[in-house]
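[1] Have a look at this prediction, sequence included:
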Amino acid sequence: MSPHGSPIPRLLLNNVCCMRNAQTILRNINVTVHDGSALVLTGANGSGKTTLLRMLAGFSRPSGGEVLWNGHDITSPGVFQQYKLQLNWLSLKDAVKDKLTVVENVEWFEVLEGKSGKSRPALKLMGLGRLINEKARMLSMGQRKRLQLARLLAVDRPIWLLDEPSVALDYDGVELLEYIIEEHRKKGGIVFAATHLPIKMEDAMSLRLPERFPRRMTLTDMVRS
Ligand SMILES: Nc1ncnc2c1ncn2[C@@H]1O[C@H](COP(=O)(O)OP(=O)(O)OP(=O)(O)O)[C@@H](O)[C@H]1O
């Protein structure tokens, strides 16, 4: 509880700023996140969505402001060791090992977590049950994304940082993504999703990052005018 009696948010982004190469990428981002919440991040290419997710993952430090987890700055050494164990990261780089089988690609992450037994059910839920023993190099783009989502389920950490989670998924795949996000949130999990495509998430917060440069006329504008 805070001194005012309200629960301390699980995560608080307090005036977060990010500079890269003397340019401001993110300016004064303020977000309060409680268990079960979701934040949908949108914005033009280059507006800073991945940068914000990377900051939440602790890959880079804010150049201004702070990210607090349970009221503690995530960049403090003692805190970061605990905080990083809360995170599950899904990025466009899928880290799928082509020489391993589909199930090995998930079990590997589960073993690192000191867990077992969830990989096969997770792959089945994601519609990859028949491909479990195939080499991962056989998978299509959408199937690789489904494998990544199966990892989220098998590893089962509370804070999901999802960068373009629906890219390459077919209609059923997007519905499955929406389903697992909903189930995760019902258990108190937190979801951050950067996306250009609509993903249905009930009562999700949304943050549209502003374009960083004045918009110039594009080819599309010229064709339309
Ligand atoms: N390490 C870095 N050094 C310098 N500039 C960087 C670095 N990382 C990202 N940027 C710049 O920060 C800006 C934001 O990039 P970011 O990848 O966060 O955008 P995005 O909103 O995720 O874009 P997209 O929709 O294209 O995925 C870009 O202009 C990018 O060039």
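    Here it is on my side, so go on.

[2] how much space between the closest residue to Gly189 other than its chain neighbours and Phe192?
    What sits nearest to Gly189 in space, not counting adjacent residues and going by C-beta to C-beta, 6 or more residues apart in numbering, is Pro158, at 5.1 Å. From N, CA and C alone the C-beta is placed, and that goes for glycine too. Per C-beta to C-beta, to the nearest Å, Pro158 is found 12 Å from Phe192.

[3] what do you get for Lys99?
    31 Å.

[4] quick one on the thing from earlier: so between Pro158 and Phe192, which is more surrounded?
    Between Pro158 and Phe192, Phe192 has the larger neighbour count (other C-beta atoms under 10 Å), namely 26 against 16.

[5] Specify the local secondary structure of that one.
    strand (DSSP: H, G, I helix; E, B strand; the rest coil).

[6] partners of it in the sheet?
    Following DSSP bridges, Phe192 is listed with bridge partners Leu39, Leu161.

[7] so it makes contact with Pro165?
    No: between Phe192 and Pro165 there is no contact under C-beta atoms under 8 Å: 10.2 Å.

[8] near the ligand, which residues of the protein show up?
    Arg20, Asn21, Ile25, Gly43, Asn45, Gly46, Ser47, Gly48, Lys49, Thr50, Thr51 (C-beta under 6 Å from any ligand atom).

[9] Which two of the residues you listed have the greatest separation?
    Asn21 and Gly43 (19.1 Å; C-beta to C-beta).

[10] When those two are compared, which one has more neighbours?
    Neighbour count, other C-beta under 10 Å: between Asn21 and Gly43, Gly43 has more, with 17 against 5.

[11] Spit out the contact partners of the more buried one.
    Lys49, Arg208, Leu209, Pro210, Glu211 (C-beta atoms under 8 Å, 6 or more residues apart in numbering).

[12] Surely the first one is in contact with Thr42?
    What it means is Lys49. Yes: with contact defined as C-beta under 8 Å, Lys49 counts as touching Thr42 (7.4 Å).

[13] Name the residues contacting each of the two.
    Contact with both Lys49 and Thr42 is made by residues Ala194, Leu209, according to C-beta under 8 Å, 6+ apart.

[14] Those two: who's more crowded?
    More crowded of Lys49 and Thr42, by other C-beta under 10 Å: Lys49, with 24 against 16.
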